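J.: Compute the structure for the input listed below.
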Amino acid sequence: MGLIGLILRNMEASLTARDRVGIQDFVLLDNYTSESAFLDNLRKRSHENLIYTYIGTLLVSVNPYKELDIYSKKQMDTYMGVNFFELPPHIYALADNVFRTMQSEYNNHFILISGESGAGKTEASKKILQFYAVSCPSTKLLNNVRDRLLLSNPVLEAFGNAKTLKNDNSSRFGKYMDIQFDHQGGAVGGHILSYLLEKSRVVHQNHGERNFHIFYQLVEGGEEDLLRWLGLERNCQHYRYLVQGDCAKVSSINDKSDWKMVRKALSVIEFSESDIENLFAIIASVLHLGNVKFEADVRGYASLNNNQEMHWLLGIPTQVLQQGLTHRKIEAKTEEVLSPFSVDHAVYARDALAKAIYGRTFNWLVNKINESLANKDSSRKTVIGLLDIYGFEVFNVNSFEQFCINYCNEKLQQLFIQLTLKSEQEEYEMEGIEWEPVPYFNNKIICDLVEEKHRGIIALLDEECLRPGEATDLTLLEKMEEEIGGHPHFVTHKLADKKTRKTLERGDFRLLHYAGEVTYCVVGFLDKNNDLLYRNGKEVISFNFYCKKQVVTQFKSSLVGLTEILMSKEPWYVRCIKPNEAKQPGRFDDVLVRHQVKYLGLMEHLRVRRAGFAYRRKYDIFLQRYKPLCPDTWPNWRGTAAEGVQRLIKHLGYKPDEYKMGRTKIFIRHPRTLFATEDAFQICKHRLATRIQAKYKGYRVKGDYLKQREAATKIENCWRGLMARKEREKRAWASLILFLRFIKGFMTRNQPSCNDNSEYLAYVRTNYLTRLRDNLPRTVLEKDAWLTAPPILQEVADTALHNRFNLLEIKYLYLLFCFPCFQLLLKEQTSSMFKGKKENYPFSVCKLTSELTFRLRPLFLSAVTSCVCVSLPQYSVPVVKYDRNGFRPRLRQLIFTQEAAYLVEETKIKQRIDYSSLKGMSVSNLSDNFLILHVTCDDIKQKGDLVLQCDYLFEALTKLCVIANKQNYIKVVQGSVRFDIQPGREGFVDFKSGQESMVYRAKNGHLMVVSESTRTKSR
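T.: Below you'll find the predicted structure:
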């Protein structure tokens, strides 16, 4: 198994140790087809505050309804850079895995957070944002972007969230946020898309619900000066739009502290003071508008009399506003007619105006935040999207807003099916992977019921809104009964059987959603879809009249755009579950949770994960990433990508049940197998990075060196040129001066020495002596060859001539009488040692010793003398020295002095042999010229005996015997000579006669010396 096997074993052991409560990953559940076992595992973990559980890479989150100490900075650091399954399940693990996958594969991702209202989707989105804010690289610019991303959340929550019956901080709009990252992983920008703000909440709230948070925050937390400027009082009970739900104060919400957070966030997001003042002025105007009261005049028309709220409305002249709220402008050809409202119509117009103002203000707010988050750099960025959108809603009375919200959840469920269940099974079939199909509910039939062209509910709703005549909500219901009455997922009071009819009112219709049955009250559908605002109402808020699409059609188009955005990115999922309706910690409602598990498709997803493969990649992408792990595939694989992947996984030691090879992709069954591979790659990547860094640094240093060398060369050239020019000028000046001096000295050369001719006379003297040295007479008969001296040196020349000829005469007498006697003595000594003992001795008798006289170059002589630090050498002869180990020949000089013999290489002494340590000399009886000097060797560090070859063997041995007084130390041997390489080691030189002289190392390790026989020489 190697490295991968070791990592897998360690990972499995750590996973087992961590699974103390239930199972961390439902994929590891033994009875994975049992819904009861699934719920039991979820319940166990929830009761121990383990709110996160995996289904592969899908994260299931149970709302604990209390604060848990699992979101600290320390926890974030723990999960940073750690593989998905190495630590207990956590939303930080999912966020980190998405981030690292985005960086490594350089593609876009999104996290879909889904679940019922109150399941914790908004909190999950905030935790992911906080994790990225801490984990991303930090610079001053990136910190500004990070702060804006984080603080956009409380602003949007204040203006877009509200308390509902099921959730104290329910998102009443859909939000999709893109976080943009640069190539280093820094958050450099973002963009927010909003969907279908629930504007009707501005003017109406059910019992137990509140308006949007910002109204209560402004009233409860606003500064006294601000409230006075806006004409507001610090009492929510004074405003009609804030008291309809009869719960202005909520224990879990602190409006004062939230107000401070919103003010701070607006400043960080770079809202100007003017923008902030205008924003709150509009919010205050909506509150004042809700308090506007109408009275019926004598004709029954609405009127406004002494209404104090009018002074605080939008900064618009009272007369214009009053006319806009109490009259309807009707165009009749070229004329405009004002038609007065009844009190009911005036109230409707007032509420429509309030909704329009708030809706447009919210859109402006989102656009301003996007301007602040916009990334100015046009280079390519990778993106992680966060989709936090309203969850599936079922209330006692469900209206147009719940219909749109639940339709949105149907579309997201359809997207989930396409991206996971359906596409997964289709991919296995396309790749030829053996697969057992998993049954699942495809909600396409419900989506078609709602959005089908010409026959869907949306098409019928738009058609009824646009048709001429008296269209009402009931005519819409009749139209739906007529067109889609036979659909299995649609039922009304008229179409239902007797049992079902008891649960339906006459104005209700029921849809069988993927999450269960929902009964909708058709009352208000047409008005809310039209989103009517009378022409003069539009003029009040300075909006020109334009023809626009109905609300539900716009929402449908937005969902199509959102689906296209999500389909272009890699999906990750967080499924949020609400454990009970009472929002109580520690309470787990089996029926409620079972229902959510069913409609979220968690069981189907689990079965797909168990039956399928957790990871799949195209061969070329997989090979490109992990090829450094195998020597055969790194750095370049020459074959096909599939063959390269096969070779790679064989090297990594994958077991047969851990992977499958498809037609174009590799499928890996267990995430842990992939993570072990990724761990090995990370280790390998550091080694590769080190090598690349070393190569690059070497390249840079070499480049710097070449540049420095080039610069030094240029400097040297410039310096040498400068010095040469100075030298030339100096020589030009000197030559002129010397020439003049030379001429003057020549003219006064016969005069006594003085300043004018001293240099010239010195030159004449030097020149004469130099020529005389090279042309001295060599014999006493060459007296006429003496050079004629100049007048100034005539006396010196005569003395030198006399001395030279005296020396020549002495030398001549020495050679004539003394030298022959010395030669005879040496010949006699040589004869006594070698006559009759060595074959080639007779050939040396005729050679005079004078022919081998001692000659050394003066420089060499002085160098040798300085090296040996004694008197001058007495004799020197060139020799070939053979190494003791291997017998490799070396050219050396053998020098004899009065104290010792020296073996010298040029001017370096290689070995000194004191005559006192010389214990013998051996030669053979044949005609070779080898000699072995035996020396005393007591220390292992000392060098052993010398094996030498000398062309002047007899002369050298005779000189050595005379100088060292060793006449009786020479041994003439036959056959072979033993010598000491070092203490305890010995070598041999074997001698024999042959047709041709040669020296070589024999197979037995001895040095073999073959000498030409004397008979061959004589012939």
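J.: Just name whatever secondary elements the longest helix along the chain is in contact with.
T.: In the chain, with assignment by DSSP state H, the single longest helix is helix 671-747. Contacts defined by 3 or more C-beta pairs under 8 Å, 6 or more residues apart in numbering; DSSP states H and E place helix 671-747 against helix 2-18, helix 619-626, helix 758-774. C-beta: built from backbone N, CA, C; applies to glycine.
J.: Lowest average pLDDT across the ones you listed?
T.: Among these, helix 2-18 has the lowest mean pLDDT, at a mean of 42.
J.: And the closest residue to residue 664 other than its chain neighbours, how far from residue 683?
T.: Of all residues not flanking residue 664 in the chain, residue 618 sits nearest, at 5.8 Å (C-beta to C-beta, 6 or more residues apart in numbering). As for residue 618, its distance to residue 683 is 24 Å (criterion: C-beta to C-beta, to the nearest Å).
J.: So between these two, which is more surrounded?
T.: A side-by-side neighbour count of residue 618 and residue 683, using other C-beta atoms under 10 Å, places residue 618 first with 15 against 12.
J.: Just the pLDDT for that one.
T.: Reported pLDDT for residue 618: 76.
J.: same check, this time on residue 920
T.: For residue 920, the predicted pLDDT is 90.
J.: cool, residue 195 as well?
T.: For residue 195, pLDDT reads 83.
J.: Equivalent analysis for residue 899, please.
T.: The model reports residue 899 with a pLDDT of 87.
J.: That one: how many residues sit nearby?
T.: Residues lying near residue 899 (other C-beta under 10 Å) number 15.
J.: ditto for residue 1008
T.: What residue 1008 shows, counting by other C-beta under 10 Å, is a neighbour count of 19.
J.: The one 3 residues further on too?
T.: When neighbours are defined as other C-beta under 10 Å, residue 1011 has 24 of them.
J.: And residue 891, by the same measure?
T.: Residue 891, neighbours per other C-beta under 10 Å, totals 10.
J.: what about the helices in the stretch 201-350 of the chain?
T.: Per DSSP state H, counting those that start in this stretch, the stretch 201-350 of the chain carries helices over the ranges 213-221, 224-230, 240-243, 255-268, 273-290, 318-326, 343-373.
J.: Okay, buried residues for the last one please.
T.: When you say that, I think you mean helix 343-373. Within helix 343-373, the residues scored as buried using 16 or more other C-beta atoms under 10 Å are 343, 345-359, 361-362, 365-366, 368-370, 372-373.
J.: so how far is it from its chain's centroid?
T.: 47 Å (C-alpha atoms, centre = their mean, to the nearest Å).
J.: Show me what secondary structure element comes after that helix.
T.: Next helix or strand after helix 343-373 toward the C-terminus (DSSP states H and E): strand 382-388.
J.: got the contact list for that next one?
T.: Strand 382-388 is contacted from outside by 98-99, 102-103, 106-113, 121-122, 124-125, 128-129, 132, 171, 174-181, 412, 562, 565-566, 569, using C-beta atoms under 8 Å, 6 or more residues apart in numbering.
J.: at 6 Å instead, please
T.: If you take C-beta atoms under 6 Å, 6 or more residues apart in numbering as the criterion, strand 382-388 is touched by 98, 102, 108-113, 121-122, 125, 175-181.
J.: Run the chain-centre distance for that strand.
T.: When distances are taken as C-alpha atoms, centre = their mean, strand 382-388 is centred 22 Å away from the chain's centroid.
J.: And stretch 102-122, by the same measure?
T.: Distance, centroid of stretch 102-122 to centroid of chain: 24 Å (C-alpha atoms, centre = their mean).
J.: From one end of that stretch to the other, what's the distance?
T.: The straight-line separation of the ends of stretch 102-122 (C-alpha to C-alpha, to the nearest Å) is 23 Å.
J.: Equivalent analysis for stretch 833-844, please.
T.: 13 Å.
J.: I'd say residue 830 and residue 953 touch.
T.: No: Residue 830 is beyond contact range of residue 953, at 10.2 Å (criterion: C-beta atoms under 6 Å).
J.: Residue 104 in helix, strand or coil?
T.: Using DSSP: H, G, I helix; E, B strand; the rest coil, the secondary structure recorded for residue 104 is helix.
J.: So for it, what's the pLDDT?
T.: Residue 104 is assigned a predicted lDDT (pLDDT) of 83.
J.: tally of neighbours for the nearest residue to it once chain neighbours are set aside?
T.: Distances taken as C-beta to C-beta, 6+ apart put residue 625 closest to residue 104, at 7.4 Å, once the chain neighbours are dropped. Applying other C-beta under 10 Å, we find 16 residues neighbouring residue 625.
J.: next one: the one 4 residues further on
T.: The local packing count at residue 629 equals 21, with neighbours defined by other C-beta under 10 Å.
J.: residues touching it, list them.
T.: Residues counted as contacts of residue 629 (C-beta under 6 Å, 6+ apart) are 680, 684.
J.: quick one: it from residue 621, how far?
T.: According to C-beta to C-beta, residue 629 stands 15 Å off from residue 621.
J.: what's the answer for residue 93, then?
T.: Applying C-beta to C-beta, the value for residue 93 to residue 621 is 24 Å.
J.: Settle it for me: which of the two has more neighbours?
T.: More crowded of residue 93 and residue 621, by other C-beta under 10 Å: residue 93, with 24 against 14.
J.: Let me know whether the more buried one touches residue 78 as I believe.
T.: No: the criterion here is C-beta under 6 Å, and residue 93 misses it with residue 78 at 9.5 Å.
J.: what does the domain assignment say about this structure?
T.: Under the assignment the TED database, the domains of the chain span 409-555, 618-718, 757-813, 831-1012.
J.: Tell me which of these approaches residue 263 most closely.
T.: For residue 263, the closest of the domains of the chain is domain 409-555, at 25.4 Å, according to C-beta to C-beta.
J.: now the closest one, how far from the chain's geometric center?
T.: Using C-alpha atoms, centre = their mean, the offset of domain 409-555 from its chain centre is 48 Å.
J.: What of stretch 734-747?
T.: Counting by C-alpha atoms, centre = their mean, stretch 734-747 comes out at 80 Å from the chain centroid.
J.: Could I get the average pLDDT for it?
T.: The average pLDDT within stretch 734-747 is 80.
J.: got the CA positions of it in CSV?
T.: Output of stretch 734-747 as CSV, limited to C-alpha atoms (Å, rounded to 0.1, in the frame of the first residue of the first chain):
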residue,chain,number,x,y,z
ALA,A,734,60.2,59.2,-20.9
SER,A,735,61.4,58.2,-24.3
LEU,A,736,61.8,61.8,-25.3
ILE,A,737,63.8,62.6,-22.1
LEU,A,738,65.9,59.4,-22.4
PHE,A,739,66.6,60.1,-26.1
LEU,A,740,67.9,63.6,-25.3
ARG,A,741,70.0,62.2,-22.4
PHE,A,742,71.4,59.4,-24.6
ILE,A,743,72.4,61.9,-27.3
LYS,A,744,74.0,64.2,-24.7
GLY,A,745,75.8,61.2,-23.1
PHE,A,746,77.1,60.0,-26.5
MET,A,747,78.5,63.4,-27.2
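J.: Any buried residues in it, and which?
T.: For stretch 734-747, the neighbour count (16+ other C-beta under 10 Å) marks 741, 745 as buried.
J.: Need the contact partners of that stretch.
T.: Stretch 734-747 is contacted by residues 756-757, 759-760 when judged by C-beta under 6 Å, 6+ apart.
J.: Format the helices of the stretch 201-350 of the chain as TSV; extra columns: distance to residue 466 and mean pLDDT.
T.: Listed next are the helices of the stretch 201-350 of the chain as TSV, based on distance: least, C-beta to C-beta, whole Å; pLDDT from 0 to 100:
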stretch	distance to residue 466	mean pLDDT
helix 213-221	34	93
helix 224-230	40	90
helix 240-243	31	91
helix 255-268	40	91
helix 273-290	29	90
helix 318-326	25	74
helix 343-373	19	89
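J.: Tabulate these in a markdown table, adding columns for distance to residue 804.
T.: Output for these, formatted as a markdown table (distance: least, C-beta to C-beta, whole Å):
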| stretch | distance to residue 804 |
| --- | --- |
| helix 213-221 | 127 |
| helix 224-230 | 128 |
| helix 240-243 | 138 |
| helix 255-268 | 111 |
| helix 273-290 | 118 |
| helix 318-326 | 141 |
| helix 343-373 | 109 |
